[in-house]
Structure formats: structure tokens, C-alpha cells
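A.B. asks: No letters, just coordinates:
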């Protein structure tokens with residue numbers, strides 16, 4: 001082979017390598033190139049599901065590919081999250097529901113098939129809201145004081161909760177401890193199912209998020225008798241906190257965070273986080289979230305990760321302090 005042919009061959013191979021590298025970079029920049037599956041670990045109609053579907057409507061304003069919402073309820077939220085944990089970390093499996101309670105509360109109470117702080121990658125927080133304690137609109141119970149009196153008369157208090165060992169379950173157990181009354185929690189597959197059960201008159205009280213219970217409250221089917229935040233919920237300004245009623249219980253509420261499988265490339269996580277920020281700043285999205293009583297409280301990846309760690313510790317401390325077991 002002549003010297004000129006060797007030089008020409010070298011240049012051709014170098015050009016092919018450059019084009020290949022450029023193609024890879026171009027492909028990464030084009031993410032996403034196909035629809036993104038969004039896993040919700042609870043049944044349709046609950047607050048995590050409503051949040052995900054509201055985000056879905058606005059996502060394509062800022063991203064070229066749509067979201068596909070997939071509900072995977074089961075095991076109190078664990079089934080859906082485990083599916084994400086075991087999924088390929090390529091950016092096409094997204095998880096909405098991180099911080100809802102099972103991943104912050106459940107590990108302190110029972111063994112889980114994965115570590116919710118180490119085996120999944122936080123992306124961003126979309127929302128945070130209170131847990132509202134409700135009774136039937138026909139119930140004679142109008143306050144937490146009435147509930148305590150009702151229990152002390154020997155009446156059985158059953159409580160509808162979205163999932164076993166979730167944030168609503170923990171609040172009910174904490175109320176039982178602080179108020180020294182027996183409460184039997186009855187878990188369901190998600191917030192929509194638990195509120196439906198309460199609306200059907202099958203239980204004495206129930207806990208839910210504003211997006212789940214507000215339609216029932218407005219229709220007169222439910223009466224809100226307390227919120228479990230350290231301040232009143234702006235969506236229910238006339239409903240006192242548990243602390244205001246002499247029950248020393250306050251939690252972080254229920255958080256709606258987004259996560260992806262561990263090992264997802266940082267640039268993809270940044271893309272998703274920044275796109276969600278644009279969605280959360282969208283004026284029409286704000287109106288849509290307000291219409292379902294779901295407050296927007298965005299956090300970026302770094303701050304959301306720190307929040308998860310802090311909330312996890314706080315729930316653990318509360319569970320230990322109250323000696324709650326399941």
C-alpha cells in the first residue's frame with residue numbers, strides 16, 4: 001500500500017470515528033426520542049395519579065415526546081416503585097409518587113425489597129400537601145374532641161387509609177397514641193379507593209389529601225375535622241390543625257416527588273428536572289393544579305434529595321417516639 005493510500009485510509013477511519021462520536025452526542029441531545037412511561041404506584045383517581053395526569057397534559061409543551069401514565073398499585077405503593085427500581089436506567093421509565101409515604105414511613109416498620117433512599121434516583125419534587133382527617137357528612141362527629149368522646153363511649157373507630165404503613169396510616173396511628181383512643185386502620189390500594197369506602201359509609205373516619213377529599217367535602221359527603229400539618233392548609237383555611245385541637249401530631253404531609261431508576265445518566269435527570277420546573281412555572285398548569293386542590297412546591301434534584309433524607313429521619317423519629325408497630 002502506498003504512503004498516499006495509507007494517509008487516505010487513516011483520514012477516512014478518523015472521519016468515521018468522528019461521525020460516530022458526533023452521532024452519539026447528537027442522540028443524547030435529542031433525548032427523549034420516544035414516549036416516557038410514568039409509573040404511578042397507586043390506583044387511578046388518587047392524589048399521585050391526579051398529579052401525574054396533570055403534569056402529563058402540559059409536559060409536551062416543553063418536551064417533544066409525550067408521557068404515558070401507567071398505574072401499578074399494590075403492596076402499599078411498593079410494587080410500583082420496585083418496578084421502577086428494577087427498570088433499565090435509560091430515562092424512559094419515570095416514577096411519580098416518591099415521598100408519598102410508603103418510602104418514608106414503611107421502611108421504619110417493616111422490611112422492604114429495596115432501599116428507597118439508595119436504590120432509586122430522586123429527580124424533583126412537584127407538590128406537597130396536608131393529610132386531612134374526614135368523617136361522613138352525616139356523622140355527628142364535628143371535631144377531634146367529638147371523635148375522642150365517641151371512642152371513649154366504647155364505639156369502635158375504623159379509619160380508611162390509602163395504604164398500609166403509608167403517611168395517612170401513620171397519622172391515624174399517631175392520633176390513636178396521642179389521644180389515647182383505639183383506632184383500627186383499614187388500608188386500600190390508594191387514596192381514591194379509601195375515600196370511596198368512607199363515602200360509602202363503611203368506616204368512621206378517613207384520611208386523604210385535598211385533591212382526593214375536596215370533591216366530597218364540597219358535595220357535603222365529607223366533613224373535614226382536622227389537618228395533620230404544623231399549620232393550616234390554605235385549601236381548607238377553616239379547618240384547624242390537630243395541634244390546635246390538643247392532639248400533638250404534625251407531619252410533612254404527603255409529597256409528590258419524581259424519581260428514575262438508579263444509574264440514569266445525570267444529563268437525563270437534569271433534563272427531566274428542568275422540564276418539570278418549566279411545567280410547574282406554567283400559568284395554565286398552576287390553574288389546573290389549583291382546580292384539584294394540589295399545591296405546587298417544586299424542588300430541584302439536589303434539594304429534593306436532601307428533603308427526602310430529612311423527612312425520612314423525621315418520620316423514623318416520630319415512629320420511634322410513639323412506639324408505633326404494625
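C.D. replies: Here it is on my side, so go on. What you are looking at is a predicted structure, and each value in this text was computed from that prediction instead of being measured.
A.B. asks: Show me the strands in the stretch 101-250 of the chain, by range?
C.D. replies: Using DSSP state E, counting those that start in this stretch, the strands of the stretch 101-250 of the chain run over residues 120-129, 132-136, 157-161, 183-187, 205-208, 222-227.
A.B. asks: Output the residue ranges of the helices in the stretch 101-250 of the chain, listed in chain order.
C.D. replies: Under the criterion DSSP state H, counting those that start in this stretch, helices of the stretch 101-250 of the chain are mapped to 144-152, 167-179, 191-199, 210-218.
A.B. asks: And these: which comes nearest residue 30?
C.D. replies: Nearest to residue 30 among those is helix 210-218 (34.6 Å), distances taken as C-beta to C-beta. The C-beta positions use only the backbone N, C-alpha and C, and glycine is treated the same way.
A.B. asks: for the closest one, packing partners?
C.D. replies: Under the contact definition 3 or more C-beta pairs under 8 Å, 6 or more residues apart in numbering; DSSP states H and E, helix 210-218 sits against helix 47-59, strand 132-136, helix 191-199, strand 222-227.
A.B. asks: rank the ones you listed by pLDDT, which is bottom?
C.D. replies: Lowest mean pLDDT of those: helix 191-199, a mean of 92.
A.B. asks: I'd like to check the angle between that helix and strand 222-227, please.
C.D. replies: Taking axes from the mean of the first three to the mean of the last three C-alpha atoms, to 10 degrees, one finds helix 191-199 and strand 222-227 inclined to each other by 110 degrees.
A.B. asks: Point out the other helices and strands that the host helix or strand of residue 289 packs with.
C.D. replies: Applying DSSP states H and E as the criterion places residue 289 in helix 283-291. Under the contact criterion of 3+ C-beta pairs under 8 Å, 6+ apart, helix 283-291 touches helix 47-59, strand 296-299.
A.B. asks: would you turn the strands of the stretch 101-250 of the chain into TSV with mean neighbour count and distance to residue 319?
C.D. replies: Listed next are the strands of the stretch 101-250 of the chain as TSV, based on neighbours: other C-beta atoms under 10 Å; distance: least, C-beta to C-beta, whole Å:
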stretch	mean neighbour count	distance to residue 319
strand 120-129	25	20
strand 132-136	25	19
strand 157-161	23	15
strand 183-187	19	14
strand 205-208	30	17
strand 222-227	23	20
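A.B. asks: circling back: tell me which of the helices of the stretch 101-250 of the chain sits nearest to residue 246.
C.D. replies: Residue 246 sits nearest to helix 144-152 of all the helices of the stretch 101-250 of the chain, at 7.5 Å, using C-beta to C-beta.
A.B. asks: which helices and strands does that closest one pack with?
C.D. replies: Under the contact rule (3+ C-beta pairs under 8 Å, 6+ apart), helix 144-152 is packed against strand 157-161, helix 167-179, strand 222-227.
A.B. asks: Note down every partner strand of the one helix or strand residue 37 maps to and its orientation.
C.D. replies: Following DSSP H and E, one finds residue 37 within strand 36-40. Strand 36-40 pairs in its sheet with strand 67-71 (parallel), strand 93-98 (parallel), by DSSP bridges.
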